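Chemist: predicted model and sequence below, questions to follow.
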Amino acid sequence: MSEMEPEGSILQRDKKTFAIVPRTPLGMISAETLESIAAVVRKYKIPIVKITSGQRLALVGLEREQIEPAWQDLGIDIGHAHTSALCLHYVQACPGNSVCKFGLNDSLGLGAEVDTALSSMTFPAKLKVGVSGCPMCCGESFMRDVGLFAKSKGWTVVVGGNAGGRPRIGDILASDLDRAEAVALSLKFVQYYQHEGKPRERSARFLQRVGLEAVKQAVCGG
């Protein structure tokens, strides 16, 4: 965040207005949150409300003096808005077996657990997580820094994916894990990445630099 960008905002192309991105973990939004967002959009005459690729809502076009009161009116924690913030940007998840007929496991529940575990941590670069309830990977698990997807025998953990300008399909660390094992392995990987990653090095480049076998040896024990 630069001095020109108040906390929780992104300066827009016109160099005058800003966007804010309220946290909507897993893309889940309650009626109360929707009502708060709608009220803020109306009150501050926000011209653009955009669903992002990370299952978040971006409110675009606020004046500088509107940012702090808008966050107060939303009544939720200030979201990490800047595209280069060195933290968890989001956990996206498909509906999983909560409602989807293809769901094999609880992607929303596991995603929420991972979100809670990672939301206060900092990393060498931004971190994104995708959780899918079946191998079709609607949560884009192979294209995220950490990905998890369910199969009939348990969870598979994938690391080092990236869907950006230098795309990379993630590597499988382990398969057929129960929920606790999958969360624990994901945490071990991000902690290893925390300590061994270079400043501003995304996990995809980190995997390319150190190699999958080194990561497995460090976090899986072989």
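Modeler: Nice, I can see it.

Chemist: helix, strand, or coil at Gln55?
Modeler: Secondary structure for Gln55, judged by DSSP: H, G, I helix; E, B strand; the rest coil, is coil.

Chemist: buried ones in the lengthiest helix in the chain?
Modeler: Secondary structure assigned by DSSP state H gives helix 179-196 as the longest helix of the chain. Across helix 179-196, burial judged by 16 or more other CB atoms under 10 Å covers 179, 182-183, 185-190, 192-193. Where you see a C-beta, it was placed from the backbone N, CA and C, and this is true even at glycine.

Chemist: what's it in contact with?
Modeler: Helix 179-196 has contacts (CB atoms under 8 Å, 6 or more residues apart in numbering) with 105-106, 109-110, 113-114, 117-118, 121-124, 127, 129, 145-146, 148, 154-155, 157, 159, 173-174, 177, 203, 206, 210, 215, 218-220.

Chemist: restricted to strands, list these.
Modeler: Assigned to strands by DSSP state E, the following of these qualify: 127, 129, 146, 148, 154-155, 157, 159, 173-174, 177.

Chemist: out of those, which is nearest to Gln92?
Modeler: Taking CB to CB as the measure, Gln92 sits nearest to Val129 out of the ones in strands among the contacts of helix 179-196, at 7.2 Å.

Chemist: name the nearest residue to the most far-flung residue of the chain relative to its centre, ignoring sequence neighbours.
Modeler: The outermost residue of the chain relative to its centre, with distances by CA atoms, centre = their mean, is Lys43 at 28.7 Å. In this structure, Lys43 finds its nearest non-sequential neighbour in Asp73, 6.7 Å apart by CB to CB, 6 or more residues apart in numbering.

Chemist: what secondary structure does that neighbour sit in?
Modeler: Here Asp73 is helix, with the state taken from three-state DSSP.

Chemist: and the one residue sitting closest to the centre of the chain, what pLDDT?
Modeler: Centroid-nearest residue in the chain, with CA atoms, centre = their mean: Tyr90, separated by 1.8 Å. Per-residue pLDDT puts Tyr90 at 92.

Chemist: how about it, nearest residue that isn't a chain neighbour?
Modeler: Excluding its sequence neighbours, the residue lying closest to Tyr90 (CB to CB, 6+ apart) is Gly54, at 4.0 Å.

Chemist: residue contacts, the one you found?
Modeler: Counting by CB under 8 Å, 6+ apart, Gly54 touches 89-90, 92, 128.

Chemist: can you lay out those residues as a markdown table showing secondary structure?
Modeler: A markdown table is the format used below for those (three-state DSSP):
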| residue | secondary structure |
| --- | --- |
| His89 | strand |
| Tyr90 | strand |
| Gln92 | strand |
| Lys128 | strand |
